[in-house]
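1. Model the following, please.
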Amino acid sequence: MVLYFKARPEAGDYTIFMGFDKFENEDLIKYGFIEDVWFHVDKMSSAHVYLRLHKGQTLDDIPEGVLEDCVQLVKANSIQGNKVNNIDVVYTPWSNLKKTASMDVGQVGFHNQKSVRTVRVEKRINEIINRLNRTKVERTPDFKAEREAVAAAEKAERKQLLREKKRREELDKLEKEKQAELRSYKNLMVVEKMTSNKNIASANKSLQELEEDFM
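-> Alright, predicted model coming up:
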């Protein structure tokens, strides 16, 4: 089961979600989306909270209010972190999560430490937690099927873009050939290079004239 929350509406349409337990967290780690951002209390046990960004967005694009919602939710879902003030919450793109066979269930590392950011949370803000909990929805998604569906849609989109690119290239090629043909035709039709029937007639003597010249 996965718990879904809606971030503050004035910040835009953002979905926040977290696994109900460490086993759901494993599936979230395995079948996450490139747009997902992972949050966790630093050096303490806590829920794995995710924020799904809009396509093309990065960590720098997270609205300040949405970031506050995420870190508050992580703090509230940490047994130890919820009891103390001034804790650190780390967050990083899902693609930066590293999972090895030697790690326990729900445990993760990072591919690149430089892609991990830290934010200090001074205290729990009940107003934020209460607002988020009012939007909470429980679902049991098929992570693998969702990921495969997205991958198939992205593959189809790439194929369509490739077809469109090839078509544009073919049209450009035909246009260039047409323009080259027109330029060649114009050169043939230059007035100075043209010869009329009158010019031909004046340049060539008639048969009678040739006979007179001969006589």
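
2. Report the secondary structure element holding the most centrally placed residue in the chain.
-> Nearest to the geometric centre of the chain sits Gly56, at 4.0 Å (CA atoms, centre = their mean). Assessed by DSSP states H and E, Gly56 sits outside every helix and strand.

3. Can you give me the distance of it to Gln72?
-> 26 Å (CB to CB, to the nearest Å). The way it works is simple: take the backbone N, C-alpha and C, and place the C-beta from them, glycine included.

4. so where's this protein shaky on pLDDT?
-> Within the chain, the stretches with pLDDT under 70 are 186-215.

5. which stretches of this protein form helices?
-> 22-30, 64-76, 126-134, 143-188, 197-203, 207-214 (DSSP state H).

6. Just give the nearest non-adjacent residue to Leu53, would you?
-> Distance criterion CB to CB, 6 or more residues apart in numbering; nearest residue to Leu53, sequence neighbours excluded, is Glu35 at 4.5 Å.

7. quick one on the thing from earlier: would you tell me which of the helices of the chain gets closest to Ile16?
-> Of all the helices of the chain, the one in closest proximity to Ile16, counting by CB to CB, is helix 64-76 (5.9 Å).

8. just checking, what packs against that closest one?
-> If you count contacts as 3 or more CB pairs under 8 Å, 6 or more residues apart in numbering; DSSP states H and E, helix 64-76 packs onto strand 15-19, strand 36-41, strand 49-52, strand 87-93, strand 117-121, helix 126-134.

9. Would you tell me which one of the ones you listed is buried the most?
-> Mean neighbours per residue, mean count of other CB atoms under 10 Å, is largest over the helices and strands packed on helix 64-76 for strand 49-52, with a mean of 24.

10. Neighbours of the residue nearest to Leu53, how many?
-> Look at Glu35: counted by other CB atoms under 10 Å, it has 18 neighbours.

11. thinking again about what came up before, turn the helices of the chain into a markdown table, columns for distance to Lys43.
-> Listed next are the helices of the chain as a markdown table, based on distance: least, CB to CB, whole Å:
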| stretch | distance to Lys43 |
| --- | --- |
| helix 22-30 | 17 |
| helix 64-76 | 13 |
| helix 126-134 | 22 |
| helix 143-188 | 28 |
| helix 197-203 | 98 |
| helix 207-214 | 113 |
